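Undergrad: Sequence plus predicted model, see below.
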There are 2 protein chains.
Amino acid sequence: MVGLTYMERALRAARAAADLGEVPVGAVVVGADGTVLAEAGNRTRMDNDPTAHAEILALRAAAAALGQERLTGASLYVTLEPCAMCAGAIAAARIARLYYGASDPKSGGVAQGARVFAHPQTHHVPEIYDGLCERDCAALLSTFFAARRDRA
Amino acid sequence: MVGLTYMERALRAARAAADLGEVPVGAVVVGADGTVLAEAGNRTRMDNDPTAHAEILALRAAAAALGQERLTGASLYVTLEPCAMCAGAIAAARIARLYYGASDPKSGGVAQGARVFAHPQTHHVPEIYDGLCERDCAALLSTFFAARRDRA
C-alpha cells in the first residue's frame, strides 16, 4: 500500500500546516523511482503568497531539487482536490499521476468547476485517482474550520 | 492613456524574457493608487520552475512587497491571456482588474478552455479588459517562435 504511505505523508504535512494556522492541505511529489522529491503544506499566510498552496510549493521544490522545469514521470499526492491554479501547475509540470483525498465542491478545479484537464488548452493530462484516505483528509479540514468558527 | 503605459512596461518585461530565451510574456502589477508593485517576465527555464509564468512571479513579488496575501484593489497587466494556473492565481490574489493583450487559443484559461472565472468555484472574478496592445503582444510571440523554428 505504497500509495497510502505517500498520502499519509501528505496528511502529516497538512496537520503541520494546521498547527501553524494555515488551511490544512498537504502535498507530496514522488519521483518515477518512488523517491519523495518534495513535500509541503499550505503556507499562503506565513509567506504572504497567494500562490503558496501545498501543491505549488511541492511542485516548485521538486523541480528545484531535480534542476529541471518538468517532473515527467512523477506523481503528486495531495489531501484535497486541487483548485484551478494548482491543476494548471500540475499540467505545466507534466505530473504523470495525481492522487487526491477529499473532493472540494467549494474550490476544486479537477472534477468540477474549471475542470482544467478537460479542455484542449491543457498541455498535459495526468492519470487521476481520487478518494485516497478521503475520510482522514476531509476530517482534517472540517475540524480546522469548526475550530475557527468556535473561536470567532 | 495610463493603461498603455503599464502595458508597455509589460511588453518591455516580455522582450527581456525573450532575450533570455524564455517565452516572451510579461506582467505588471499596479496598486490601487497607480504605483507599480512588481513586474516580471517568464522565467520557467532559468528558474527550473514550471510555475514561473510572468503573472505568478509578478503576483508573488507584489504580495511580498506589500507583506500581505491579497492584492485587493490592484490591477494586473499581462501581454498574453493567462492560462488556467495564472487565472487561478489572479483569483486567489483578489486582483481587481485584469488587462491582457493577445488572446491565447493554445493555452488560454480566461476567455476559452477552463474559463476559470466562469465557475462558482472561483473565489473572485476580476474586471477583464482584453486586446490591450494586442498587435504588439502577439507579434512578440510570433517573432519568437518563428526564430526558434528557423533555428530548429
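TA: On my side now, so go ahead. Residues are numbered from 1 along each chain as shown, chains lettered A, B, ... in the order given.
Undergrad: And the residue nearest to the spatial centre of chain A, which helix or strand is it part of?
TA: In chain A, the residue lying closest to the centroid (CA atoms, centre = their mean) is A:Val78, at 3.4 Å. For A:Val78, the enclosing helix or strand under DSSP states H and E is strand A:75-80.
Undergrad: As a check, name the ranges of all strands in chain A.
TA: For chain A, the strands defined by DSSP state E cover A:26-30, A:36-41, A:75-80, A:97-102, A:127-129.
Undergrad: could I get these as CSV with mean pLDDT and distance to A:Thr51?
TA: Yep, even glycine has a C-beta here, placed from its N, CA and C like the rest. Output for the strands of chain A, formatted as CSV (pLDDT from 0 to 100; distance: least, CB to CB, whole Å):
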stretch, mean pLDDT, distance to A:Thr51
strand A:26-30, 98, 13
strand A:36-41, 98, 12
strand A:75-80, 98, 15
strand A:97-102, 97, 18
strand A:127-129, 98, 22
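Undergrad: export these to CSV and tack on distance to B:Asp130?
TA: Output for the strands of chain A, formatted as CSV (distance: least, CB to CB, whole Å):
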stretch, distance to B:Asp130
strand A:26-30, 33
strand A:36-41, 34
strand A:75-80, 32
strand A:97-102, 31
strand A:127-129, 31
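Undergrad: Show me what the strand holding A:Val78 is packed up against.
TA: In this structure, strand A:75-80 makes packing contacts with helix A:2-19, strand A:26-30, helix A:54-66, strand A:97-102, helix A:134-151, judged by 3 or more CB pairs under 8 Å, 6 or more residues apart in numbering or on different chains; DSSP states H and E.
Undergrad: hmm, who's touching the first one?
TA: So the one you mean is helix A:2-19. A:23-28, A:30, A:34, A:36, A:39-43, A:54, A:75, A:77-79, A:99, A:101, A:129, A:132-133, A:136-137, A:140, A:144 (CB atoms under 8 Å, 6 or more residues apart in numbering or on different chains).
Undergrad: Now do it against strand A:97-102, angle only.
TA: Interaxial angle, helix A:2-19 versus strand A:97-102 (axes from the mean of the first three to the mean of the last three CA atoms, to 10 degrees): 50 degrees.
Undergrad: And helix A:2-19, what's buried?
TA: A:6-11, A:13-18 (16 or more other CB atoms under 10 Å in any protein chain shown).
Undergrad: related to what we said a few turns ago, please indicate which of the contacts of helix A:2-19 are buried?
TA: By 16+ other CB under 10 Å, those give A:23-28, A:30, A:39-43, A:54, A:75, A:77-79, A:99, A:101, A:132-133, A:136-137, A:140, A:144 as buried.
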